[in-house]
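# return a 3D structure for these sequence lines:
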Amino acid sequence: MIPKTFREVIDLGDGREISIETGKLAKQAHGSVVVQSGKCMLLCTVVSNYKQSDVDFLPLTVDYREKFAASGRYPGGFFKREARPSDGEVLTMRLVDRVLRPLFPKDYHAETQVMIQLMSHDDEVMPDAMAGLAASAAIQLSDFPFECAISEVRVGRVNGDFVINPTRAQLAESDIDMVIGASADSVMMVEGEMSEISEEEMVEAIKFAHEHIKVQCEAQIKLAEAFGKKEVREYESEREDEELAKKIHDLTYDKVYAIAKAGSAKHERSAAFDAIKEEVKASFTEEEMEEFGDLVSKYFYKAEKAAVRDLTLNDGLRLDGRKTDEIRPIWCEIDYLPSVHGSSIFTRGETQALATVTLGTSREANKIDMPSYEGEETFYLHYNFPPFSTGEARPIRGTSRREVGHGNLAQRALKGMIPEDCPYTVRVVSEVLESNGSSSMATVCSGTMALMDAGVQLKKPVSGIAMGLITDLETGKYAVLSDILGDEDHLGDMDFKVTGTADGITACQMDIKVKGLSYEILVKALKQARDGRLHILDKLTETIAAPKADVKSYAPKIVTKIIPGEYIGAVIGSGGKVIQEMQKETNTTIVINEDPDTEEGIVEILGTDQAGIDEVIARIESLMFKPEVGSVYEVKVIKMLDFGAVVEYVDAPGNEVLLHVSELAWERTEKVSDVVNMGDVFDVKYFGLDPRTRKEKVSRKALLPKPEGYVERPPRNDRGGDRRGGDRRRGGDRDRKPRRD
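Residues are numbered from 1 along each chain as shown. Got it, this is the predicted structure:
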């Protein structure tokens, strides 16, 4: 029997729509939906254990996978099976996780899994823009304790008009690429890249997205009501003890406030807070600590958070003694590493990033092979966050999702400033050596300087800053914090990172933890971020004002040469013999790509020695040499024969032609050596293909004056006959047998 299905349709405008359907697939999951737009289909399932886990956090896993079968393709590699998630999939997981996680109750600790799978792909639909909608819709059909429906959309702007969930083709023409996550009431997450837009334009894009998200949230609620909304499950809540909370607050608040107000470094401050916490623990008996130990730690953190927030709201001061809009001391250095193509150190307070730049050919481009997108990146950035950067010792188990996300943010911040005609593939690697507040923004700053140190001709330098927000909803007080510390990130109501040039925003990442944040506060925060960003930009340009005019002497130089498609085979040679010999003899790397539009060959020549590069260019030009009829060329004798001399074009080494003995001089020449010898250099005239021999003809005598009284003899054919074709030795035409008809 065909199961009953329930369906809601969302109109996106311009003839596009999204449908949400449930009841047909994955019915044993606690909630499942199929979200479809065009031929693109996502299946999302959600499951949460009914037993609380023995941890003090929500063990939520958001998993997004794209199946290669969805686009009728096989996975690449030896094993024809999807393996670890790609960076693109990880980034989508993070986008969804950041919006969902805050909406679960703080005391809900059951193992929860959200799985989103691309089951059918459509080239005109970008599936990651619907992943948040799918996750929330599935949760609405479950019995999870979840605050409210949310959704996510992508916003682009093409020719000045905002577009919701643009196609990849539209996105290529857009100056904005932002994903916004929100509920019907509040914006919760923003991430994207822009082409130097203003703060007001960014807010307008967020408003536009929010209006569409409201419609998508309403559709989820209607679907849940039609399906039959389940009662929210009961779960074992965390213990609460108001009397104990008050006692700990009274014991610690003033002490924490005083330490916070004094302003101190991270480790000194942490040690002081730990000492207060130990005093509190010492005020309880062993039996009380055994019974209430978890609550003591919880309420101490709550009192600490209240004291730090009140200090900022009441006194305008912060944990390290700064004012709300003050930036920590900055020092920078370039060219720190002696053998890399470009390097820099950026240190801001207790955060430090060391960036390196490596230059290569198109062969080093980052290949992207996903079911929803195939392509390559000629500029990419990798971010590493080792445990020692925060004074910790913990195991390293591959690249974390956080490292992928932070690296992608820095990459998006910088990539728009890489010139379109940059001949190199550029890789930036950021090593975070210290961290206490936004190492991703330190990566943007160090990356900018390292690129300029490497001689990459950046259009404009880029800086980045992490901002925070502390609000008191009862009094209406709020404080926007510039250049936040790690502690302020945890204690605040908003964490947003903004990057840009002196002329506008290039990328952002924003997580908002407070409901109903007004656009007025958001604009103020962005304006304050701009002031801080420009201050940091000044520090960068004090260190290196402009990109270096050329790459370092030991860094590879790259020259790109366009050749007609017909010569690609000649440059490569049989079995790659010609190109391999050129690379070996000139100590260069040569890469040839064919332009699919023009069918021309794009030759990239990479080498540290300019002489080697010049030699490759000369050899390629020699291989493409095509003499013109009637032109005069300088040649050199390289081989002597009985019937002529083999000569090589001086300006095109490797190109040879036979200079026949009859073309050496006007006088009769008995021996070739009577006129020329090995190594002689002289001029010849090129006549093209000889119609009789079908071979190229050059002449030395054509450039010489005729001797006085010279009489030209009639031409002879190859067998010695006269110009009429007769053969005197055989009696000419008279001796030939008659031709049969």
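
# buried set for stretch 532-543?
532-533, 535-537, 539-541, 543 (16 or more other Cβ atoms under 10 Å). Glycine gets a C-beta too; all of them are placed from N, C-alpha and C.

# can you show me the strands along the stretch 301-450 of the chain?
Counting by DSSP state E, counting those that start in this stretch, the stretch 301-450 of the chain has strands at residues 330-334, 342-348, 351-360, 366-370, 373-377, 379-384, 425-434.

# export those to JSON lines and tack on distance to residue 647, mean neighbour count and mean pLDDT?
Output for those, formatted as JSON lines (distance: least, Cβ to Cβ, whole Å; neighbours: other Cβ atoms under 10 Å; pLDDT from 0 to 100):
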{"stretch": "strand 330-334", "distance to residue 647": "54", "mean neighbour count": "18", "mean pLDDT": "96"}
{"stretch": "strand 342-348", "distance to residue 647": "48", "mean neighbour count": "25", "mean pLDDT": "96"}
{"stretch": "strand 351-360", "distance to residue 647": "41", "mean neighbour count": "24", "mean pLDDT": "96"}
{"stretch": "strand 366-370", "distance to residue 647": "47", "mean neighbour count": "15", "mean pLDDT": "88"}
{"stretch": "strand 373-377", "distance to residue 647": "46", "mean neighbour count": "14", "mean pLDDT": "88"}
{"stretch": "strand 379-384", "distance to residue 647": "48", "mean neighbour count": "22", "mean pLDDT": "96"}
{"stretch": "strand 425-434", "distance to residue 647": "42", "mean neighbour count": "22", "mean pLDDT": "96"}
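
# would TSV of the ones you listed with distance to residue 260 be doable?
Listed next are these as TSV, based on distance: least, Cβ to Cβ, whole Å:
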stretch	distance to residue 260
strand 330-334	23
strand 342-348	21
strand 351-360	20
strand 366-370	44
strand 373-377	44
strand 379-384	31
strand 425-434	22
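
# residue 304: which of those strands is closest?
strand 351-360 (22.0 Å; Cβ to Cβ).

# just checking, what packs against that closest one?
In this structure, strand 351-360 makes packing contacts with strand 342-348, strand 425-434, helix 439-453, judged by 3 or more Cβ pairs under 8 Å, 6 or more residues apart in numbering; DSSP states H and E.

# the strands of the stretch 301-450 of the chain: which one's closest to residue 590?
With Cβ to Cβ as the measure, strand 351-360 is the member of these nearest residue 590 (12.9 Å).

# tilt between the closest one and strand 425-434?
160 degrees (axes from the mean of the first three to the mean of the last three Cα atoms, to 10 degrees).

# which strand runs longest in this structure?
Longest strand in the chain, counting residues (DSSP state E): strand 40-52.

# all strands for the stretch 501-650 of the chain, in order.
Using DSSP E, counting those that start in this stretch, strands in the stretch 501-650 of the chain cover 504-512, 557-563, 589-594, 601-607, 632-641, 644-649.

# in its sheet, which strands sit next to the first one, and in what direction?
Using DSSP bridges, the neighbouring strands of strand 504-512 in the sheet come out as strand 187-197 (antiparallel), strand 494-501 (antiparallel).

# go on, the longest one?
Strand pairing for strand 632-641, determined by DSSP bridges: strand 644-649 (antiparallel), strand 681-689 (antiparallel).

# the longest strand of the chain - contacts with which helices or strands?
Packing partners of strand 40-52 (3+ Cβ pairs under 8 Å, 6+ apart): strand 31-37, strand 110-120, helix 131-140.

# the same query, at a cut-off of 10 Å, please.
Strand 40-52 is packed against strand 16-22, strand 31-37, strand 60-66, strand 110-120, helix 131-140, with contacts defined by 3 or more Cβ pairs under 10 Å, 6 or more residues apart in numbering; DSSP states H and E.

# most packed of the ones you listed?
helix 131-140 (a mean of 29; mean count of other Cβ atoms under 10 Å).

# which residues touch the lowest-mean-pLDDT helix or strand in the chain?
Lowest on mean pLDDT, DSSP states H and E among the helices and strands of the chain sits helix 486-491, with a mean of 82. With Cβ atoms under 10 Å, 6 or more residues apart in numbering as the test, helix 486-491 has contacts from 260, 266, 269-270, 273, 301, 304-309, 312, 318-320, 350-351, 390, 435-439, 466-470, 481, 484-485, 495, 511.
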